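Student: give me a model of this one.
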Amino acid sequence: MRPVKWSELIRKVIEQNEQVSLQLLYQEAAKHRPLPRGDWKKTLRGVLYREVRRGLYQRIGLGVFALPKYAQQQQQSAYQAAAQRESYQTYLSKQQDIHGAIQGMLLEIGNYLGYRTYTRDKSRTFDGKPLSSLCGLSKVPDFSYPQIVQITSQRDVVWFSQDACPFPKYIYDVENTTDFKNSMTNMSKLHNINARFVLVADERKRSRFEQILQDDSFKQIASRYTFRSYEQVVRFYFVCVEYYEQHFEFLGT
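Tutor: Numbers count the residues shown, from 1 in each chain. All right, here's what the predicted structure looks like:
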């Protein structure tokens, strides 16, 4: 029996899920056909992008694709807003679930930048896309002691290296309803990991973040922490979408 063609594999996975990220395609590929040696992911992407150019699928996120009929049913997504050059302020003003939107953007950006991504909130959605479908990792790898792995697994979004034994590189917590000292305290327990701790919140909370860093318990590792506002995340996502669109149009890959 002949192996399932890459184009057939892509069609099956997209039809089963309505929309699919590259990460989900990679995870599902082995269920449909034997994986060849070499960089089979590059081959899969090449076939997918060819089908996109033919109009069989549409881009609905950074590395996320859907059938045209599904894409047309969606209300305007962050990807569409960015591609249409809407201002990030306007986009933010329309969001009812800012927490889910920011998490989804961080996952898509992390994937796009070549990290392996994880979130604890797999049931949340971003523009109709389950966050679980955007993750490169379904669980945190056993990169350290169980207690350290457990604390890491409770963070909102984590970007891991692409190594055979992935390690956290950026650890994010998104805080929009509570004071985030608790998140910062939990992150401090990971101080022996060579990773950045990033708190994401409304710009108005930046001063509170800086105030907390003055506490004695944080002073020695204050340089490990970074504050990023919602606006900064959305602006970076929009920039990534613009580059992604230009890259695809110019190179076709």
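Student: distance of residue 57 from residue 15?
Tutor: 11 Å (C-beta to C-beta, to the nearest Å). Yep, even glycine has a C-beta here, placed from its N, CA and C like the rest.
Student: so residue 159, which of the three states?
Tutor: strand (DSSP: H, G, I helix; E, B strand; the rest coil).
Student: so for residue 57 and residue 15, which sits in the more crowded spot?
Tutor: Ranked by neighbour count (other C-beta atoms under 10 Å), residue 57 and residue 15 place residue 57 first, with 22 against 11.
Student: next helix or strand past the helix or strand of the chain with the lowest mean pLDDT?
Tutor: When the helices and strands of the chain are scored by mean pLDDT, DSSP states H and E, helix 68-73 comes last with a mean of 77. As assigned by DSSP states H and E, the chain's next helix or strand after helix 68-73 is helix 78-83.
Student: which parts of that following helix are buried?
Tutor: Across helix 78-83, burial judged by 16 or more other C-beta atoms under 10 Å covers 78-82.
Student: what's the answer for stretch 86-103, then?
Tutor: Applying 16+ other C-beta under 10 Å to stretch 86-103 flags 88, 91-92, 98-103 as buried.
Student: could you do stretch 11-24 as well?
Tutor: 11, 13-14, 17, 19-24.
Student: got the phi/psi numbers for the residue lying closest to residue 229 once chain neighbours are set aside?
Tutor: Excluding its sequence neighbours, the residue lying closest to residue 229 (C-beta to C-beta, 6 or more residues apart in numbering) is residue 203, at 4.1 Å. Backbone torsions for residue 203, taken as degrees, to the nearest 10, come to phi -50, psi -30.
Student: for residue 251, same thing?
Tutor: According to degrees, to the nearest 10, residue 251 has phi -100, psi -20.
Student: just the helices in the stretch 151-253 of the chain please.
Tutor: For the stretch 151-253 of the chain, helices defined by DSSP state H, counting those that start in this stretch occupy the ranges 181-188, 206-212, 216-219, 230-251.
Student: go on, the stretch 1-150 of the chain?
Tutor: 6-17, 22-32, 40-53, 68-73, 78-83, 88-93, 98-112, 131-134, 146-153.
Student: contacting residues around the shortest one?
Tutor: The set of residues external to helix 131-134 that reach it, using C-beta atoms under 8 Å, 6 or more residues apart in numbering, is 17, 19-21, 23-24, 61, 64, 100, 103-104, 107-108, 111, 117, 119, 121-126, 138.
Student: off-centre distance for that helix?
Tutor: Distance of helix 131-134 from its chain centroid, counting by C-alpha atoms, centre = their mean, to the nearest Å, is 8 Å.
Student: great, nothing more from me.
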